[in-house]
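**Student:** What would the 3D arrangement of this be:
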Amino acid sequence: MVYVLVAFLISLVVTLLLVRYNTLHAKYTGDHDLTGVQKYHILPVPRVGGISIIVAMFGICILVAFREPQLQRELLTLMAVSLPAFLGGLAEDLTKKVRVLVRLGLAMISGAAAYYFLGAELTRLDIIGVDWLLQFAAISFILTAVAIAGAANAINIIDGYNGLAAVISAMIFAGFAYVSYYLGDRFLLVTAVGMIGALAGFLVWNYPRGLIFLGDGGAYFVGFMIGTLSVLMLARHPEVSAWFPLLLCIYPVFETLFSIYRKKFLRGQSPGMPDGVHLHMLIYKRLIRWAGGQEAHRQTRRNAMTSPYLWLLSSFAVIPAVLFWQHEYVLIVFVFLFSATYVILYRKLVRFDMPRWLVIRQRKRPRRKKTKR
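**Tutor:** I've put the predicted structure just below:
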């Protein structure tokens, strides 16, 4: 609990300072594009919330040096190898000119560094044939870097509404923390709970009002940490099924894979081309219906009411993943159940075929009768 509290307080204060003194850095950090296909805010908002999260984790490194010095080297190494992924995203937040492939390349460098310096080696996926291929060091190295970079990009993809990516990431880290505690792995446990506290401090200012955004830097850093913890858990604990981290992270992972399929094979577009038909965007457009107007307060409220739908959806994967982390066949069943649920839900949203009780509409206020004086 000490690690959670410290990370929370550091993140809370740093985010407060970023919001309070927004006028000093808004020219560089503000998201001024209000008309983009994936933009759902009315006023410019700073998109450097990732700074508070990474600062909080460096604060945890200092605390670990006093409380559990045996973990200090590993935790500092983890933070060091995360920097290419974080800085690539932060550069995009500040300049708006860093291409997706460049950011992915930097995230892959972070993944490769985690492989070399932390022993984050992907040597099994519990799939016949694939595990044999992963015994070759070159293949294991490449797939590890790709998997970690993919996780970083997946969190960035779902970071579309206030509180969406941050809460889902916190749920994922909570799953890692539970299993790490059961296994007695202090390094994974401290990292996971530290990330939970850092995300919670950021969320105070991000949800529901959206005073600051996670940004690409924050999303890539959080996604890198999720990807690296996933690989490390499999590398350090053979008793953990490889399907556990997959089910735990299935929402952002499946969202990414489905988006690539939808853009590349159905529309003939580049997978990196932004569009407005991700699942969370369809929920915003189809289920959160407010009558007329584009006032800032109404748009912000509508934005915030989108995220709980996805929190609930993700919980259908996180809860069984935590309950059955050792039971491979049960995890496989839930992976396919979630995937089928996602596709069915997406199809219904596209066709406007959702139950009325899921649709939120604004109640029309009765007009006041004018009284004669």
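**Student:** going forward, measure contacts and count neighbours with C-alpha atoms only.
**Tutor:** Will do.
**Student:** Quick check: phi and psi on Val64?
**Tutor:** Backbone geometry at Val64, expressed as degrees, to the nearest 10, gives phi -60, psi -30.
**Student:** got the contact list for it?
**Tutor:** Counting by Cα atoms under 8 Å, 6 or more residues apart in numbering, Val64 touches 71-72.
**Student:** do you know how far it is from Val190?
**Tutor:** Going from Val64 to Val190 by Cα to Cα, to the nearest Å gives 9 Å.
**Student:** Hmm, Glu92 and Asp216 touching each other?
**Tutor:** Yes - at 6.8 Å, Asp216 and Glu92 qualify as touching, with contact defined as Cα atoms under 8 Å.
**Student:** Buried residues, the longest helix anywhere in the chain. List them.
**Tutor:** Counting by DSSP state H, the longest helix found in the chain is helix 296-323. For helix 296-323, burial by neighbour count (16 or more other Cα atoms under 10 Å) applies to 299-307, 310-311, 314-322.
**Student:** what residue ranges in this protein are flagged as low confidence?
**Tutor:** Along the chain, the model assigns pLDDT under 70 to residues 31-43, 272, 274-275, 289-298, 357, 360-373.
**Student:** Spatially central, which residue of the protein would that be?
**Tutor:** Among the residues of the chain, the one closest to the centroid is Ile155, at 3.3 Å (Cα atoms, centre = their mean).
**Student:** Let me know the secondary structure of that one.
**Tutor:** In terms of secondary structure, Ile155 is helix; the call rests on DSSP: H, G, I helix; E, B strand; the rest coil.
**Student:** Contact partners for it?
**Tutor:** 165, 169, 219-220, 222-223, 252.
**Student:** Relative to Leu71, which of the residues you listed is nearest.
**Tutor:** The nearest member of the contacts of Ile155 to Leu71, counting by Cα to Cα, is Val222 at 20.1 Å.
**Student:** so which strand or helix has the closest one?
**Tutor:** helix 215-236 (DSSP states H and E).
**Student:** helices or strands up against that helix?
**Tutor:** helix 50-67, helix 72-95, helix 100-118, helix 137-158, helix 164-183 (3 or more Cα pairs under 8 Å, 6 or more residues apart in numbering; DSSP states H and E).
**Student:** For these, give me TSV that also has distance to Trp205.
**Tutor:** Shown next, in TSV, are these (distance: least, Cα to Cα, whole Å):
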stretch	distance to Trp205
helix 50-67	11
helix 72-95	18
helix 100-118	26
helix 137-158	19
helix 164-183	12
